[in-house]
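A.B. asks: need the 3D shape of this:
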Amino acid sequence: MQTARYRHIFIRIGLAFLILHSLPFAIWAMHSGALVLVSPDLSDNRFYTPGGTVTNIAIFAHMSLGALLMVFVPLQFWPGLRTRFTTYHRWSGRLLCVGSAAVGLAGLAYIFVRGTIGGLWMDLGFGVYGVLVCLCAGQAIRYARRRDFAVHRRWALRVLVLTFGSWLYRLHYGIWYFFTDGLASTPDFDGTFDLVQNFAFYLPYLLLLELWLRREPRRA
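C.D. replies: Below is the predicted model of the structure:
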């Protein structure tokens, strides 16, 4: 009983740290996404496409919904919330999974119509990321509806990891530039570090999660 209590405290601290630490980026993403639609002067906005209604709506949805997900998805894992507020957990989970799928589809639409600044390899890396977001969100809803909550939890954890991919992408760059002054990175995002980053902001974290999930039955 005491071990479970300490575990819940540790989880609460970790989730709170994750939300607060990523909050400045979430606010920036919300602001930048909204500017695509409402700003009168978009000449300096690299996300804006002149005359591109589809791409502008897609990037707005991708950035704005993504920012909201970074705040609300971690709350789904807050210890005690699911058991105390079952209805909230159920309906907010549905909305968040639909929102995650919308974020993934919007990002894929933007890549398909306009493409990324980094070209083919960035298109591929971010495209795979978008597909995984949609897949994990769909599977989380699927297994919740089947009342297979053990499997549902695993897919929901994958959604949690992927939710913070954009923040991790920029965090990696911040750390890399701080220590190396941008070694192997270029303005066109075609340096060695840039190419690795196209996949490194989500695949290693998913792999670590899978390794941790594989240990769970043995630990149980």
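
A.B. asks: which SS class is the nearest residue to residue 46 once chain neighbours are set aside?
C.D. replies: Among residues not flanking residue 46 along the chain, residue 117 sits closest, at 7.2 Å (CB to CB, 6 or more residues apart in numbering). Using the backbone N, CA and C atoms, a C-beta is placed for each residue, glycine as well. The three-state assignment at residue 117 reads coil, by DSSP: H, G, I helix; E, B strand; the rest coil.

A.B. asks: how about residue 117, what does it touch?
C.D. replies: Neighbouring residues of residue 117 by CB atoms under 8 Å, 6 or more residues apart in numbering: 46, 188, 189.

A.B. asks: list buried residues within these.
C.D. replies: Among the contacts of residue 117, those classed as buried by 16 or more other CB atoms under 10 Å are residue 189.

A.B. asks: show me what contacts the most centrally placed residue in the chain?
C.D. replies: For the chain, the residue sitting closest to the mean C-alpha position, by CA atoms, centre = their mean, is residue 163 at 2.0 Å. By CB under 8 Å, 6+ apart, the contact set of residue 163 is 66, 69, 70, 73, 74, 100.

A.B. asks: if we use 6 Å, what do you get?
C.D. replies: Shown in contact with residue 163 (CB atoms under 6 Å, 6 or more residues apart in numbering): 69, 70, 73.

A.B. asks: now swap in residue 25 and tell me
C.D. replies: Counting by CB under 6 Å, 6+ apart, residue 25 has contacts residue 167.

A.B. asks: start at 49, not 1
C.D. replies: From this message on, residue numbering opens at 49, which makes the last subject residue 73.

A.B. asks: please identify the buried residues of whatever helix or strand it lives in?
C.D. replies: Applying DSSP states H and E as the criterion places residue 73 in helix 50-86. Buried residues in helix 50-86, defined by neighbour count with 16+ other CB under 10 Å: 63, 66, 67, 70, 73, 74, 77, 78, 80, 81, 83, 84.

A.B. asks: so how far is it from its chain's centroid?
C.D. replies: Remark: helix 50-86 is offset 11 Å from the chain centroid, using CA atoms, centre = their mean, to the nearest Å.

A.B. asks: what of stretch 161-168?
C.D. replies: The answer for stretch 161-168 is 19 Å, by CA atoms, centre = their mean.

A.B. asks: after whatever helix or strand residue 159 lives in, next one along is what?
C.D. replies: For residue 159, the enclosing helix or strand under DSSP H and E is helix 134-161. Scanning forward in sequence from helix 134-161 by DSSP H and E, the next helix or strand is helix 168-193.

A.B. asks: what about that following helix, average pLDDT?
C.D. replies: In this model, helix 168-193 carries a mean pLDDT of 97.

A.B. asks: can you name every helix or strand that that helix contacts?
C.D. replies: Contacts defined by 3 or more CB pairs under 6 Å, 6 or more residues apart in numbering; DSSP states H and E place helix 168-193 against helix 134-161, helix 197-211, helix 240-248.
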